[in-house]
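# Only the shape, not the letters, is given here:
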């Protein structure tokens, strides 16, 4: 359970380190599953995620992305409904029900792990509204400034959709000092392996290259609340799996309910 002080910090900053949720053994299991799914991505005789790709703009600097690894891995399937994660999301959103929107692995290999540029999550998800989702980002390796931890802009979740502005910021290492009269306060967000880091879907964030000799593996669990509905006019990789009509609450077998406890469906 998060404290009142933690919830207030999240509401102010748009992000929060929620502390340890996984044991070392659990981390090792999930690490192995990440590498297995990447290695076995061409097999057609086993369950596969929605996709596996290098999402980097620089082909020499890889950022491996896996979407919906929970559909290809039992340990990750169990993770999406983990109580100490979903309870935290419910506290931060005030939701009575949570569903998984999708998950996303980001793996930055040693030495060649590339940049994730400044962005907001919600504008990249045009098939769902409103823009109130919260993500649980679980580190599978220590993520720090040497191997590409996230940076976030405090309070930016309160400024609405600013994705077009962020697309103009080419250098993750640089940020103007202000935007529309608001001070831009960038925070480095190291996260130790097994810890969960929460962030709002409108919080400005990105991460720099991994130039270290250590990998940086993590999973972002993107959750929807009971108020989330489908927008048919948008496009997204998950659109092919939607089974509801425009304007209806987004649900279905690819978007299972994970909270309250005991109601996974």
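Nice, thanks for sending it over. Every value quoted in this text rests on a predicted model; they were computed, and no experiment measured them.
# any idea of the mean pLDDT in stretch 66-74?
Stretch 66-74 comes out with an average pLDDT of 97.
# where along the stretch 101-250 of the chain do the strands fall?
For the stretch 101-250 of the chain, strands defined by DSSP state E, counting those that start in this stretch occupy the ranges 116-119, 128-129, 134-139, 150-153, 178-179, 182-183, 186-189, 195-200, 205-207, 216-225, 229-230.
# and of the ones you listed, who's closest to residue 67?
strand 216-225 (9.9 Å; C-beta to C-beta). C-beta: built from backbone N, CA, C; applies to glycine.
# Low-confidence stretches in the stretch 1-150 of the chain?
57-59 (pLDDT under 70).
# Rebuild the strands of the stretch 101-250 of the chain as CSV, extending it with mean neighbour count and distance to residue 41.
Listed next are these as CSV, based on neighbours: other C-beta atoms under 10 Å; distance: least, C-beta to C-beta, whole Å:
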stretch, mean neighbour count, distance to residue 41
strand 116-119, 20, 21
strand 128-129, 20, 26
strand 134-139, 25, 21
strand 150-153, 24, 25
strand 178-179, 13, 39
strand 182-183, 11, 42
strand 186-189, 16, 29
strand 195-200, 24, 26
strand 205-207, 25, 23
strand 216-225, 24, 16
strand 229-230, 18, 28
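# Distance to residue 165 for the ones you listed - can I get that in JSON lines?
As requested, the strands of the stretch 101-250 of the chain are exported to JSON lines (distance: least, C-beta to C-beta, whole Å):
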{"stretch": "strand 116-119", "distance to residue 165": "9"}
{"stretch": "strand 128-129", "distance to residue 165": "20"}
{"stretch": "strand 134-139", "distance to residue 165": "21"}
{"stretch": "strand 150-153", "distance to residue 165": "11"}
{"stretch": "strand 178-179", "distance to residue 165": "7"}
{"stretch": "strand 182-183", "distance to residue 165": "12"}
{"stretch": "strand 186-189", "distance to residue 165": "15"}
{"stretch": "strand 195-200", "distance to residue 165": "17"}
{"stretch": "strand 205-207", "distance to residue 165": "13"}
{"stretch": "strand 216-225", "distance to residue 165": "22"}
{"stretch": "strand 229-230", "distance to residue 165": "26"}
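# of all those strands, which lies closest to residue 49?
The nearest among the strands of the stretch 101-250 of the chain, by C-beta to C-beta, is strand 216-225 at 11.4 Å.
# Direction included, what does that closest one pair up with?
Note on strand 216-225: by DSSP bridges, its sheet partners are strand 98-108 (antiparallel), strand 134-139 (antiparallel).
# Using CSV, please lay out those together with distance to residue 86.
Conversion of the strands paired with strand 216-225 to CSV gives the following (distance: least, C-beta to C-beta, whole Å):
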stretch, distance to residue 86
strand 98-108, 6
strand 134-139, 8
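# Tell me which of the strands of the stretch 101-250 of the chain sits nearest to residue 42.
strand 216-225 (20.5 Å).
# Geometric centre of this protein: which residue is closest?
residue 220 (2.9 Å; C-alpha atoms, centre = their mean).
# surely that residue meets residue 137?
Yes. Here residue 220 reaches residue 137: they are 4.9 Å apart, a contact under C-beta atoms under 8 Å.
# hmm, back to that, right, so of the strands paired with strand 216-225, which gets closest to residue 237?
Among the strands paired with strand 216-225, strand 98-108 sits nearest to residue 237 (C-beta to C-beta), with 8.1 Å.
# Give me the distance from the closest one to the chain's centre.
5 Å (C-alpha atoms, centre = their mean, to the nearest Å).
# So that it lines up with my notes, have the first residue be 132 from now on.
Renumbered: residue one is now 132, and that last one reads strand 229-239.
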